[in-house]
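# Show me how the following folds:
(4 chains)
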Protein chains: 4
Amino acid sequence: MSGGNTASVQINVRYAETDQMGVVYYGNYFTWFEIGRSAFFRSLGHSYEKLEEQGLLLPVVEAYCRYLSPARYEEQITITTRLERLTAARLVFAYTIHRGEILLASGRTTQCFVGKDSGRPVNLKKHYPGYWELLQSLIPK
Amino acid sequence: MSGGNTASVQINVRYAETDQMGVVYYGNYFTWFEIGRSAFFRSLGHSYEKLEEQGLLLPVVEAYCRYLSPARYEEQITITTRLERLTAARLVFAYTIHRGEILLASGRTTQCFVGKDSGRPVNLKKHYPGYWELLQSLIPK
Amino acid sequence: MSGGNTASVQINVRYAETDQMGVVYYGNYFTWFEIGRSAFFRSLGHSYEKLEEQGLLLPVVEAYCRYLSPARYEEQITITTRLERLTAARLVFAYTIHRGEILLASGRTTQCFVGKDSGRPVNLKKHYPGYWELLQSLIPK
Amino acid sequence: MSGGNTASVQINVRYAETDQMGVVYYGNYFTWFEIGRSAFFRSLGHSYEKLEEQGLLLPVVEAYCRYLSPARYEEQITITTRLERLTAARLVFAYTIHRGEILLASGRTTQCFVGKDSGRPVNLKKHYPGYWELLQSLIPK
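So this is what the prediction gives:
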């Protein structure tokens, strides 16, 4: 289910993720998006954890989610993450949340590249050329 | 700081809200938006809790946040919520997150009206006319 | 790794679970314990979700955790849950959190049996005899 | 309500803090305890944030909570934190959670003193004598 510019991962909905409406709290979908991003980086063989160790942070600068159908406790959920766009300054991921064939939610986040020590923007192409090439090669032409 | 179609509320950033980047986790801003909505409804004298007791749910169908500057542990944060748009089927809130004069983030959520028992869309104007009038009166012409 | 009165489940540490100390926030271990309980009930073929549908709630009345070594982002963690004690009114689970062979934390929760509609204590032996027999059979003599 | 070895702080229960049982999720009480600790340190004029900046971390090594009555969305909750015990290696806080006069929960955490850079135990009496004196003076003889 993973490959190219897409990675999928499955989770079981936690009781802690529900709210008194009896469904998953809307804010928790952004945690699921982050799980999707982590799975995406792992699938490249470059975990996000390693990026941070190399001094590169990817703070989120924009996040969006559209909710179509609620998720409930114990359901098995598939998070699919696709690298949608890449520039030297930022990248955009698109996400879908499915239960089986049913699309529950979709969303998008934009991350920028920031130096861990400087706290300032980093040009990925210039400062991490190997990583830039790898990500660049995943974007469909 | 509250009045008309706007309500403000202050919080101190919790340690639990930070992540290993040393700043507030991006998903937690959506919890702050919800705190803003709760304060908005309280300022009307109609808490969201009472709405649910009257059988009306307001699930989020869309959520967006733009992050400008990070929030940190113990900072005092002001959440300002403004009712931006209202139809018989849904409402839109706009939010700002400030530390003092500095804008840290802004966002928007869309909620629809759903019957607690039916789980189906509810026409606010028809089924909760008093509440419709109240909210309608807050929208600037 | 599961069987008898014990069930194990593995998770990857989420970025959202860390705090600014760079390790998993102490309160999140209680969410992990809950994941352990859910896995325990699933391993019996009686998910906790089904119990709630049958009108039985198991609110936590006591919770304890001892922290030995921190867990970090992306680590693979094993949660092991053991049914330790059972009476007609409550049950006690014991938990361990491991990374490989290393014990990171251990804990214990006590749950009581409460009727979903009544909100009052339920005698499991009397009102859910089949379930009582099943759990009872798991406790080592 | 604060003074001596005790500090109190009030919060409104967040929607995000509830679960599908319709009450506050048990793990969130540990976040409330942390809010209590933060308020305690602020009341001393030495915020926990400043301690971390001075190189001192206080990781939790033990946590316990007893739940007596549930907390619900929008309720106003008082968190009271009392410094119960202090040694050169660790301190113990006791907490109560009230809604008005009603005790909802009580608990206790033990923290140890750790150097931020070394990651190793720190003798508070020896390395932070001023802070040791201050805390020591709060413990009833």
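
# who's in contact with the residue lying closest to residue A:113 once chain neighbours are set aside?
If the residues on either side of it in the chain are set aside, residue A:113 comes closest to residue A:122, at 4.4 Å by C-beta to C-beta, 6 or more residues apart in numbering or on different chains. For glycine as for every other residue, the C-beta is placed from the backbone atoms N, C-alpha and C. Shown in contact with residue A:122 (C-beta atoms under 8 Å, 6 or more residues apart in numbering or on different chains): A:56, A:113, A:114, A:115, A:128.

# Surely the last one and residue A:56 touch.
When you say that, I think you mean residue A:128. Yes: in this structure, residue A:128 is within contact of residue A:56 by C-beta atoms under 8 Å, at 6.5 Å.

# what sits in contact with each of those two?
In contact with both residue A:128 and residue A:56: A:113, A:122, using C-beta under 8 Å, 6+ apart.

# quick one on the thing from earlier: what's the closest of the contacts of residue A:122 to chain B?
Distance to chain B, by C-beta to the nearest C-beta, is smallest for residue A:114 among the contacts of residue A:122, at 9.2 Å.

# Now the closest residue to that closest one other than its chain neighbours. Its backbone dihedrals?
Leaving out its chain neighbours, the residue that sits closest to residue A:114 by C-beta to C-beta, 6+ apart is residue A:57, at 4.5 Å. Phi and psi for residue A:57, reported as degrees, to the nearest 10, are phi -110, psi 150.

# so what's residue A:57 scoring on pLDDT?
With respect to pLDDT, residue A:57 has a value of 94.

# Also the one 4 residues further on?
With respect to pLDDT, residue A:61 has a value of 98.

# what sits up against the strand or helix carrying it?
Using DSSP states H and E, the element containing residue A:61 is strand A:60-67. Residues outside strand A:60-67 that contact it (C-beta under 8 Å, 6+ apart) are A:26, A:29-30, A:33, A:90, A:104-112, B:26-27, B:59-67.

# Now list the buried members of those.
Among the contacts of strand A:60-67, those classed as buried by 16 or more other C-beta atoms under 10 Å in any protein chain shown are A:26, A:29-30, A:33, A:90, A:104-112, B:26-27, B:60-67.

# is it true that residue A:140 touches residue A:5?
Yes: between residue A:140 and residue A:5 there is a contact under C-beta under 8 Å: 6.8 Å.

# Beyond the helix ranked longest in chain A, next helix or strand please.
Criterion DSSP state H: the longest helix present in chain A is helix A:28-43. Later in the chain than helix A:28-43, the nearest helix or strand by DSSP H and E is helix A:48-53.

# per-residue confidence averaged over the host helix or strand of residue A:85?
Following DSSP H and E, one finds residue A:85 within strand A:76-86. Across strand A:76-86, pLDDT averages out at 97.

# the bottom helix or strand of chain A by mean pLDDT?
Within chain A, no helix or strand scores below helix A:48-53, which has a mean of 87 by mean pLDDT, DSSP states H and E.

# so what secondary structure elements neighbour that one?
Secondary-structure packing of helix A:48-53 (3 or more C-beta pairs under 8 Å, 6 or more residues apart in numbering or on different chains; DSSP states H and E): helix A:28-43.

# Is there contact, residue-wise, from the helix it packs on to chain C?
Yes: judged by C-beta under 8 Å from any C-beta of the partner chain, helix A:28-43 and chain C are in contact via A:31, A:34, A:35, A:38, A:42.

# model confidence over that helix, on average?
Mean predicted confidence for helix A:28-43 is 97.

# Provide a list of residues in contact with the nearest residue to residue A:83 once chain neighbours are set aside.
Among residues not flanking residue A:83 along the chain, residue A:5 sits closest, at 4.4 Å (C-beta to C-beta, 6+ apart). Shown in contact with residue A:5 (C-beta under 8 Å, 6+ apart): A:82, A:83, A:84, A:138, A:139, A:140.

# and which of the residues you listed is nearest to chain B?
Among the contacts of residue A:5, residue A:84 lies closest to chain B (C-beta to the nearest C-beta), at 16.5 Å.

# Give me the number of neighbouring residues for the closest one.
Around residue A:84 sit 16 other residues, with neighbours defined as other C-beta atoms under 10 Å in any protein chain shown.

# same question, residue A:95
The local packing of residue A:95 (other C-beta under 10 Å) involves 25 other residues.

# who's it bridged to?
With DSSP bridges as the criterion, residue A:95 is bridged to residue A:81, residue A:107.

# shouldn't it be in contact with residue A:84?
No: under the criterion of C-beta under 8 Å, residue A:95 is not in contact with residue A:84, lying 9.8 Å apart.

# anything in contact with each of those two?
Taking C-beta under 8 Å, 6+ apart as the contact rule, the neighbours common to residue A:95 and residue A:84 are residue A:108.

# Near chain B, which residues of chain A are found?
Close to chain B, as judged by C-beta under 8 Å from any C-beta, chain A has residues A:20-21, A:23, A:26-28, A:30-31, A:34, A:52, A:57, A:59-67, A:70, A:109.

# Now with 10 Å, please.
Proximity of chain A to chain B, by C-beta under 10 Å from any C-beta of the partner chain, involves residues A:19-23, A:25-34, A:49, A:52, A:57-68, A:70, A:105, A:107-112, A:114, A:116, A:119.

# related to what we said a few turns ago, just the buried residues of the contacts of residue A:122.
Buried subset of the contacts of residue A:122 (neighbour count, 16+ other C-beta under 10 Å): A:56, A:113, A:114, A:128.

# Most distant residue from the centre of chain A?
residue A:20 (26.9 Å; C-alpha atoms, centre = their mean).

# pretty sure it contacts residue D:23?
Yes: using C-beta atoms under 10 Å as the test, residue A:20 is close enough to residue D:23 to be in contact (7.7 Å).

# what sits in contact with each of the two?
Common contacts of residue A:20 and residue D:23, defined by C-beta atoms under 10 Å, 6 or more residues apart in numbering or on different chains, comprise D:17, D:72, D:73.

# related to what we said a few turns ago, identify each buried residue in the least confident helix or strand of chain A, please.
Residues A:48, A:49, A:51, A:52 are the ones in helix A:48-53 that count as buried (16+ other C-beta under 10 Å).

# quick check, distance from that helix to the centre of its chain.
How far helix A:48-53 lies from its chain's middle: 14 Å, per C-alpha atoms, centre = their mean, to the nearest Å.

# so what's the most centrally placed residue in chain A up against?
By C-alpha atoms, centre = their mean, chain A has its centre lying nearest to residue A:37, at 2.7 Å. Contact partners of residue A:37, counting by C-beta under 10 Å, 6+ apart, are A:7, A:9, A:48, A:58, A:60, A:79, A:81, A:83, A:91, A:93, A:95, A:109, A:111, C:15.

# Tell me the one among these nearest to chain D.
residue C:15 (17.6 Å).

# Quick check: the closest one touching residue A:35?
Yes: with contact defined as C-beta under 10 Å, residue C:15 reaches residue A:35; the gap is 8.3 Å.

# interface residues of chain A facing chain C?
Within chain A, the positions adjacent to chain C are A:9, A:11-17, A:22, A:28, A:30-32, A:34-35, A:37-39, A:41-42, A:47-50, A:52, A:72-75 by C-beta under 10 Å from any C-beta.

# Swap in 6 Å and give it another go.
Applying C-beta under 6 Å from any C-beta of the partner chain, we find that chain A lies next to chain C at A:14, A:15, A:16, A:31, A:34, A:35, A:47, A:49, A:73, A:74.

# Out of those, which comes closest to chain B?
Lowest distance from chain B to the residues of chain A next to chain C (C-beta to the nearest C-beta) belongs to residue A:31, with 5.1 Å.

# That closest one contacts residue B:25, doesn't it?
No: at 8.2 Å, residue A:31 and residue B:25 do not qualify as touching, with contact defined as C-beta atoms under 6 Å.

# residues shared between the contacts of these two?
residue C:16 (C-beta atoms under 6 Å, 6 or more residues apart in numbering or on different chains).

# So which of these two has more stuff around it?
Using other C-beta under 10 Å as the criterion, residue A:31 and residue B:25 rank with residue B:25 on top: 25 against 21.
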